[in-house]
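Engineer: Need coordinates for the below:
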Amino acid sequence: QSRSIFVFLVIIFFYMYTFLNLDSYNLKKMSDFIEVCIKILIGFIVADGIAINFLDMGTLFINVFQSSIGVYRDFNSHGIVFPKIPNGLVFGAQHASILSVIGIIWWLPGIKQINGKYLSQYLWLILSFIALIFTITTTAILTLTIALLVVLSITFLRAHKINKLVFLILVPFVVIFFEKILDLFRVIIIRRYRISIEEFAPKMDRYYSAMVEQPMNAFSKYFSELLIGVGRTSNDLAINISNHPQELDIVGEIGFISLSIQFGLIFIGILLLSYSFYILKAINFIIRNNVKNEENNIIFRLLLVSLVIVLSLMHYTTFLV
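Structural biologist: The predicted model follows:
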């Protein structure tokens, strides 16, 4: 039901290699195993997209796939390109779109060594793009953009075409680039919902109030309870805290808020700090390029898979705000 398991797998594989001196053969075997998993997921997203958009099998899937693990859903909002959005095996449009991005990154030429012997890998790259078109979300677009920028930066750093100082100088320009992307999203929102520019500002103020001020007020009010988390919550994040009779209703659109409520600020803070350390360590490991090129590319792909998933868990609202 959740793509978070990929994060744990990738981090475990990375540390098994770097700390236990995992040999090249077993590193490749683990990489092949993950690749098979991604192929299965991408294949089901594409098949699902075809089945519900061209064969009208959506109602059948909804009736068949009902379980305590997850429920196949019919999304009220239409897709950007196709009218119906597939779920795939990990039920949910958000999951499907992010897994599609993972497929694109996994088979990206230059990271994945694609040659004449393995032309089928181009097919999987194309299928990943098709899966993304079926399921495209704002979060997926932002996540793919950031991942491609990371790929470009690390490629230049590994090739010594830019040094770390120049890279740091370029960071402000990346920030400006994302500001322009957000401006583009504002234009898209205005046109899609036919909102006038005069109406847009107060709507954004209300959006900010709901997405930022409301959760922060709730966090400050119940800070001691939220330090260690309040346990499993309902989907709408309406939480009854045992020490208080009031119902705490938190909007969880900003990424990691729902996780912080459930597991606690301390635990999530430790996870994020640990992951940041892991990312910096892994990037430095790749830039140094001190193992065989094929092994380095495997580790690079595993790093990017975890980065894509963690970025997607932040949700596009985080970037917009």
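
Engineer: Where does residue 39 sit: helix, strand or coil?
Structural biologist: Recorded secondary structure, residue 39: helix (DSSP: H, G, I helix; E, B strand; the rest coil).

Engineer: Isn't it up against residue 124?
Structural biologist: Yes: assessed by CB atoms under 8 Å, residue 39 is found in contact with residue 124 at 6.3 Å. Just so you know, the C-beta spots here come from the backbone N, C-alpha and C atoms, and that holds for glycine as well.

Engineer: ok, residue 154 touching residue 284?
Structural biologist: No: taking contacts as CB under 8 Å, residue 154 lies outside contact range of residue 284: 10.2 Å.

Engineer: These two: which has the busier surroundings?
Structural biologist: residue 154 (19 against 11; other CB atoms under 10 Å).

Engineer: how about that one, what does it touch?
Structural biologist: 283, 286-287, 300 (CB atoms under 8 Å, 6 or more residues apart in numbering).

Engineer: which of these tops the neighbour count?
Structural biologist: Within those, residue 300 tops the neighbour count with 24 neighbours, counted by other CB under 10 Å.

Engineer: And that one, how far from residue 269?
Structural biologist: For residue 300, the distance to residue 269 equals 28 Å [CB to CB, to the nearest Å].

Engineer: State the helix or strand in which residue 83 lies.
Structural biologist: For residue 83, there is no helix or strand it lies in under DSSP states H and E.

Engineer: Count the neighbours of the closest residue to it other than its chain neighbours for me.
Structural biologist: Leaving aside its chain neighbours, residue 83 sits nearest to residue 53 (6.6 Å; criterion: CB to CB, 6 or more residues apart in numbering). Counted by other CB under 10 Å, the residues lying close to residue 53 total 18.

Engineer: What of the one 10 residues further on?
Structural biologist: Other residues lying near residue 63 total 9 when counted by other CB under 10 Å.

Engineer: Check for me that it belongs to a helix.
Structural biologist: Yes: assessed by three-state DSSP, residue 63 belongs to a helix.

Engineer: circling back: mind checking which of residue 39 and residue 124 has more residues around it?
Structural biologist: Comparing residue 39 with residue 124 by other CB under 10 Å, the one with more neighbours is residue 124, at 21 against 17.

Engineer: and that one, how far is that from residue 148?
Structural biologist: Separation of residue 124 from residue 148 (CB to CB) stands at 18 Å.

Engineer: what's the answer for residue 99, then?
Structural biologist: According to CB to CB, residue 99 and residue 148 sit 17 Å apart.

Engineer: ok, these two, which is more surrounded?
Structural biologist: residue 99 (29 against 15).

Engineer: if we can go back for a sec, and the host helix or strand of the residue nearest to residue 83, what other elements does it pack with?
Structural biologist: Per DSSP H and E, residue 53 falls inside helix 24-54. The helices and strands touching helix 24-54, judged by 3 or more CB pairs under 8 Å, 6 or more residues apart in numbering; DSSP states H and E, are helix 4-20, helix 58-64, helix 93-106, helix 120-135, helix 293-320.
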